[in-house]
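# Any chance you could fold what I've pasted below:
(4 chains)
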Number of protein chains: 2
Amino acid sequence: MSDASVANTLRRPRAARKTSSAAAQPMAVDPGSVSIDTTYLESLLGYNARRAALAVIGVFLQRMAPYGLRPVDFSVLTLIAHNPGITSRQICAALDILPPNLVGMIKALDKRGLIERRTHPTDRRAQGLHLSPEGKKLQKSAQGTATKLESDVASRLSADELDTLKSLLRRVYLP
Amino acid sequence: MSDASVANTLRRPRAARKTSSAAAQPMAVDPGSVSIDTTYLESLLGYNARRAALAVIGVFLQRMAPYGLRPVDFSVLTLIAHNPGITSRQICAALDILPPNLVGMIKALDKRGLIERRTHPTDRRAQGLHLSPEGKKLQKSAQGTATKLESDVASRLSADELDTLKSLLRRVYLP
DNA sequence: TATTGTTATACTCTATAACTATA
DNA sequence: TATAGTTATAGAGTATAACAATA
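Predicted coordinates for the structure are as follows:
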């Protein structure tokens, strides 16, 4: 497994903070809006990938807030939905989450009644994770939201371009 | 300004931890390596962008370690290099760092003798940031490393494909 | 002996409030 | 009154060590 965690939320949307961008003083002397040369950084793949990821995640956070799901929660629920009986360790491996950090998430999802922890059929140390009926409904709705989100966040890209983008990204990180 | 921070390091490279992937037991029963369906997550732009960003950043962290620079430090040094006299607030705006969180970084770079804080020519509240001779040397080397890193981390992409990828990413997050 | 899930805990990153000095 | 830099601190995310139960 690579060092690519898909777990964290990176950052919650901040309450609007006072930036130094000139909004009310269109022509005032505003050192904070003097054009800064960022062209080199914008030539780097890592910089662009990170900015784009954060842009998408920002929208994701907003639209998933009604479900009470962070990206990592959505990822966990989705993995369970598509892999009934999956274990915590398997989720950790797939999302590169460290086991101690998953415990609280699983516990919270269980407490919300979204998942069930059943005894594993062949390994009594492990637990097979399943979605509850409510969890299934929530995950289905959230997945629909996540899918719709795609076209909105990449509204400046055609469907083909979006596919190309995702394909190129996969070729960067997949083995 | 969007909610896209280019500041944090996401994660330091971990010491090799014992994953559950089967390496020494090719055909053993290993629940951790049972194929898990992640196809849906891999169809999402945010997931792919984040995984790719983390893959690039992972290599970035390794290669920048000799310079003692995290991604955010490199970004700050690079902004100062390309914008001599830039202020802290301008760096904060460009990288979406919160001012209190930049203080320590600037202080550390100053203590290392990589940057100089001069009195701002027109605003006595502010400081114009400049690279020291040592800072210039380090930044130049680091920038060369960052540039070379591109082709290595995206070795499966042609030069044209890499350009296409970065262009598509910019169209996702740039206004 | 090794692995699953877990607790405890430390460290890093990010966020908010409030202060000073200057504008 | 608003802004630049700063301090202090709270909160979220990520890391390691170690444990009981089971393989």
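# rest of the way, CA atoms for contacts and neighbours
Will do.
# so where is chain A shaky, pLDDT-wise?
Low-confidence segments of chain A, defined by pLDDT under 70, span residues A:1-34.
# Tell me the secondary structure at residue A:147.
Of the three states, residue A:147 takes helix according to DSSP: H, G, I helix; E, B strand; the rest coil.
# In contact with it, which residues?
With contacts defined as C-alpha atoms under 8 Å, 6 or more residues apart in numbering or on different chains, the neighbours of residue A:147 are residue B:44.
# hang on, residue A:76 packs against residue A:92?
No: with contact taken as C-alpha atoms under 8 Å, residue A:76 and residue A:92 are classed as non-touching, separated by 9.2 Å.
# What distance do you get for the residue most central in space within chain A to DNA strand C?
The centroid of chain A falls nearest to residue A:71 when counting by C-alpha atoms, centre = their mean (3.4 Å). In this view, residue A:71 and DNA strand C are 15 Å apart by C-alpha to the nearest atom of the strand, to the nearest Å.
# so how far is residue B:142 from that residue?
Here the criterion is C-alpha to C-alpha, to the nearest Å. By it, residue A:71 lies 33 Å from residue B:142.
# same thing with residue A:51?
Taken as C-alpha to C-alpha, the spacing of residue A:51 relative to residue B:142 amounts to 20 Å.
# Looking only at neighbour counts, state which of those two leads.
More crowded of residue A:51 and residue B:142, by other C-alpha atoms under 10 Å in any protein chain shown: residue A:51, with 27 against 20.
# pretty sure the more buried one contacts residue B:173?
Yes: checked against C-alpha under 8 Å, the pair residue A:51 and residue B:173 is within contact range at 6.3 Å.
# Could you give the number of residues near the closest residue to residue A:75 other than its chain neighbours?
Counting by C-alpha to C-alpha, 6 or more residues apart in numbering or on different chains, the nearest residue to residue A:75 once its immediate chain neighbours are dropped is residue B:41, at 7.3 Å. Look at residue B:41: counted by other C-alpha under 10 Å, it has 17 neighbours.
# likewise residue A:65?
The tally of other residues near residue A:65 (other C-alpha under 10 Å) stands at 12.
# right, is the host helix or strand of residue A:61 up against chain B?
For residue A:61, the enclosing helix or strand under DSSP states H and E is helix A:45-64. Yes: against chain B, helix A:45-64 shows contacts by C-alpha under 8 Å from any C-alpha of the partner chain at A:45-58.
# can you put those residues in TSV and add distance to residue B:152?
TSV is the format used below for those (distance: C-alpha to C-alpha, whole Å):
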residue	distance to residue B:152
A:45	11
A:46	12
A:47	15
A:48	16
A:49	16
A:50	18
A:51	20
A:52	21
A:53	21
A:54	24
A:55	25
A:56	26
A:57	27
A:58	29
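# which one of those sits closest to residue A:134?
Relative to residue A:134, the closest of the residues of helix A:45-64 next to chain B is residue A:57; by C-alpha to C-alpha it sits at 24.8 Å.
# right, and the closest one touches residue B:46 too?
Yes: applying C-alpha under 8 Å, one finds residue A:57 in contact with residue B:46, separated by 6.2 Å.
# Quick check: the gap between the nearest residue to residue A:49 once chain neighbours are set aside and DNA strand D.
Among residues not flanking residue A:49 along the chain, residue B:53 sits closest, at 4.9 Å (C-alpha to C-alpha, 6+ apart). Counting by C-alpha to the nearest atom of the strand, the gap between residue B:53 and DNA strand D amounts to 13 Å.
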